[in-house]
Structures are given as structure tokens and as C-alpha cells.
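Colleague: kindly generate the corresponding structure for this input.
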Amino acid sequence: MQNLNEDTITHAVIEQIAHTPNPRLKRILTSLVQHLHNFAREVELSEDELMTAIQFLTRSGQMCSDKRQEFILLSDTLGLSTLVMAMNNRKPPACTESTVFGPFHVENAPVFPLGADVANGAKGEPCFVSGVIRGVDGEPVPHARIEVWQADEDGYYDVQYAGLGKFQGRGVLCADQDGRYYFRSIVAEPYPIPHDGPVGDMLRATERHPWRPAHLHFLIKQTGYQTLITHIFRKGGTYLDSDAVFGVRSTLIADWLRHEPGRAPDGSIMEVPFYTLEYDFVLNPAKKDR
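Modeller: The predicted model follows:
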């Protein structure tokens, strides 16, 4: 492997990984090397540009913490997250579409009973959310596990607040025996993804904005069905056609209906205006092992 040049280096690297025992890893690395080297040749990458890329990735890693994942933001804003999601979530047209996971999901969110207020003090106008979870043949899916999370009216998730000390705008619920779910939260508002790091620099360099349209995250699980990760987007809102992370699907856009003070869906009397959102989910059956 002496005297390698721009014409022979790719083959030499592939030979070095030819004996990788894991066949899937071997395939991924081989393809990665081929495409990466061809990319460098195509754009005639300079040494300064390579160092700039290395510094960009180094800064991305340094921005990551238990409250922020810069590499997910990078994947999202380059469309890679949506591409991988779409390839891995092909399903019948009747099923609810999937969309990107996003960087602000957290494990061990609090568990609430149906009808509870998952906002838990988060700032925003009150909103009552409800619907039914069904299978592709119309059957109700009883006792599905539903995880929800969202930003507050200022555009921040709870994990972005230092020293908050509690979860807000997120929680786990369980649908009833008829597949129905209902809870109280706050109205979804547009917000910018974090753009004070290298991803923000990239967006500015390409004259892109960092904004996401208003949405509510859902993660729904039940035995016998494929897990659904999706958003519900607020109809009529801004940025639906220019989502910074390419996550919008027209089938996932719904009305947040405004109501004057009065009796809410849960029977309580609201002294301020409130909103309602109704959305039914359709799950795809899980793939059976052959």
C-alpha cells in the first residue's frame, strides 16, 4: 500500500475493510468510502475545506448534551432524517403517516391518566386534544401507549430551560378499551430550532430560516402494530411550506378550533378562550416474522 494516489486510494481503503466480519457493517462502510471519495473528487475538495468540515463536525459534537442533540438537528436540516424515516415507514395509504422524531424527545416522561393536563404549567393557551386510535381495518386499538410532547408558547421545550426541575408539555397516556384518548395541553405555536451552533451557521450560510410550523408530537405503541412516530401540524400556520426539517405531510395538518369561554370537553368551565383538536390515528399491523 505504498505510493497511493487519487486514483488508487479508494480501492486500497476498501481492501482494508474487506474482512469486516459483520456483513451489514462491511456493506455500509464500503459504500460510504466509495461515495465519500467520489464526492471529494466531484467537488475537488480542498485541504482547507476538509479542515472546515472537520471543525464543523467537531463543534457539532461539542454542542451535544443530554438536553440538545446537534447531530440530529444536522440530519434533520439536511433532509436525511426524513429520507431514512420515509424508507423505513412505508405503509398502506389508509395509515397515519410518520414523520421525523426531532431532537427533544426524552425518556421517562411522566405518566398521566386520560383527561389530565400534560402541559403541567407550560405557558400557552389551553387546548383539549382527543381522538381514536384504530387499525387499518377500522378496528379500535385498545390501551395503546401514547406519548406526547410539544414546545410552549415561547417556542421552547421543557428540556431547554435550565433548572426547571420538572417536565412540562409532555407525558405518557394510555388509550381506553375503545381506543379513545383525550387530554389537556396548550396550543401549538411555531418555533425556531436551536440555531446558535454550527447548524445555525449552515442555515445562515445557505439563506435558510430555522423555523418549524406549529405541531404536537405523538409516539404511539401497541403490541401487534408498528410503532407510529408523527406530528400533528396546525392548519393555517406559517412555515408549513418551508419547515426547516422537512417534516410536514398534508395528511397530518389539522384544525385547532377556538372556543369562547364556557364549558370545555371535559365538563370544566373555562373562564378564558380555549381550543380543541380532534385527530384519529390509524396504525399499521406489525410485520410478522417468517
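Colleague: for this structure, longest strand please?
Modeller: Within the chain, and with DSSP state E defining each element, the longest strand by residue count is strand 126-135.
Colleague: list the contacts of the residue lying closest to residue 242 once chain neighbours are set aside.
Modeller: Leaving aside its chain neighbours, residue 242 sits nearest to residue 209 (6.9 Å; criterion: C-beta to C-beta, 6 or more residues apart in numbering). The C-beta positions use only the backbone N, C-alpha and C, and glycine is treated the same way. Shown in contact with residue 209 (C-beta atoms under 8 Å, 6 or more residues apart in numbering): 192, 203, 239, 242, 244.
Colleague: how is residue 209 assigned, secondary-structure-wise?
Modeller: Following DSSP: H, G, I helix; E, B strand; the rest coil, we place residue 209 in the coil state.
Colleague: secondary structure element for residue 275?
Modeller: Per DSSP states H and E: residue 275 is located in strand 274-278.
Colleague: which neighbouring elements make contact with that strand?
Modeller: Where contact means 3 or more C-beta pairs under 8 Å, 6 or more residues apart in numbering; DSSP states H and E, strand 274-278 is packed against strand 126-135, strand 257-259.
Colleague: Three-state assignment for the residue nearest to residue 198 when sequence neighbours are not counted, please.
Modeller: The shortest distance from residue 198 to any non-neighbouring residue, by C-beta to C-beta, 6+ apart, is to residue 59 (4.5 Å). Under three-state DSSP, the three-state class of residue 59 is helix.
Colleague: tell me if I'm right that residue 59 and residue 197 touch.
Modeller: Yes - using C-beta atoms under 8 Å, residue 59 is in contact with residue 197, at 6.7 Å.
Colleague: quick one, which of the two is more surrounded?
Modeller: For residue 59 versus residue 197, neighbours defined as other C-beta atoms under 10 Å are more numerous around residue 197 (18 against 14).
Colleague: so what's the more buried one closest to, chain neighbours aside?
Modeller: Spatial nearest neighbour of residue 197, chain neighbours left out: residue 63 (4.3 Å); criterion: C-beta to C-beta, 6+ apart.
Colleague: list phi and psi for that neighbour.
Modeller: Main-chain torsions, residue 63, degrees, to the nearest 10: phi -80, psi -20.
Colleague: how far away is it from residue 158?
Modeller: In this view, residue 63 and residue 158 are 19 Å apart by C-beta to C-beta, to the nearest Å.
Colleague: could you give me the buried positions within stretch 120-130?
Modeller: Residues 120, 122, 124, 126, 127, 128, 129, 130 are the ones in stretch 120-130 that count as buried (16 or more other C-beta atoms under 10 Å).
Colleague: can you give me the end-to-end span of it?
Modeller: Chord length of stretch 120-130, first to last residue, is 18 Å (C-alpha to C-alpha, to the nearest Å).
Colleague: cool, and stretch 183-202?
Modeller: With C-alpha to C-alpha applied, stretch 183-202 spans 38 Å between its terminal residues.
Colleague: list the buried residues in that stretch.
Modeller: 183-195, 197-200, 202.
Colleague: likewise stretch 250-258?
Modeller: For stretch 250-258, burial by neighbour count (16+ other C-beta under 10 Å) applies to 252, 253, 254, 256.
Colleague: so where do the helices sit in the stretch 1-150 of the chain?
Modeller: Chain-ordered helices for the stretch 1-150 of the chain, with DSSP state H, counting those that start in this stretch as the definition, fall at 9-16, 23-43, 47-63, 70-77, 80-88.
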